[in-house]
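Trainee: The sequence and its predicted three-dimensional model are supplied below.
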Amino acid sequence: YDTRPAQRRGVRNLFQAVAKRLRIEGFLLFQFTPEELQDCQDTMTSWLKSGKISDCSTFVDGFENLPEGILGLFKGSNIGKMLVRVPLESTAGYGK
């Protein structure tokens, strides 16, 4: 509370989120013990497979469409993560 505003860490402009009635939620993986982490991973995996939760990501297919993906980030055309999906055969010569 006695730190200058420019040096504070964490959420800024939280009042704006409250005023706009935004929903903010999540959890931190490092708050779990190793045993709890394994239980969390097992539970989340089963929820994903059963459809109880879903992953919201936007995919752009092909490395040649990478610029489209990057521009989509700035236009707000993505939901969740913006990912470029590249077929494995196109990476066969990589690293040789």
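Mentor: Nice, thanks for sending it over. Numbering: from 1, shown residues only.

Trainee: Does Met82 belong to a helix, a strand or coil?
Mentor: With DSSP: H, G, I helix; E, B strand; the rest coil as the basis, Met82 sits in strand.

Trainee: which ones are touching it?
Mentor: Counting by Cβ atoms under 8 Å, 6 or more residues apart in numbering, Met82 touches 57-58, 60, 69-70, 72-73. For every residue, glycine as well, the C-beta is placed using N, CA and C.

Trainee: If it is in a bridge, with which residues?
Mentor: Thr58 (DSSP bridges).

Trainee: Distance of it relative to Asn65?
Mentor: 11 Å (Cβ to Cβ, to the nearest Å).

Trainee: follow-up on the earlier one: could you work out the most separated pair of the contacts of Met82?
Mentor: Greatest spatial distance in the contacts of Met82: Ser57 and Ile70, 15.4 Å, computed using Cβ to Cβ.

Trainee: Tell me which stretches of this structure form strands.
Mentor: 57-61, 81-85 (DSSP state E).

Trainee: quick check: mean pLDDT across the last one?
Mentor: In other words, strand 81-85. The predicted model assigns strand 81-85 a mean pLDDT of 90.

Trainee: can you tell me which residue is nearest the centre of this protein?
Mentor: Centrality entry for the chain: nearest residue to the mean C-alpha point is Lys81, 5.1 Å, by Cα atoms, centre = their mean.

Trainee: check contacts around that one.
Mentor: Applying Cβ under 8 Å, 6+ apart, the residues contacting Lys81 are 57-58.
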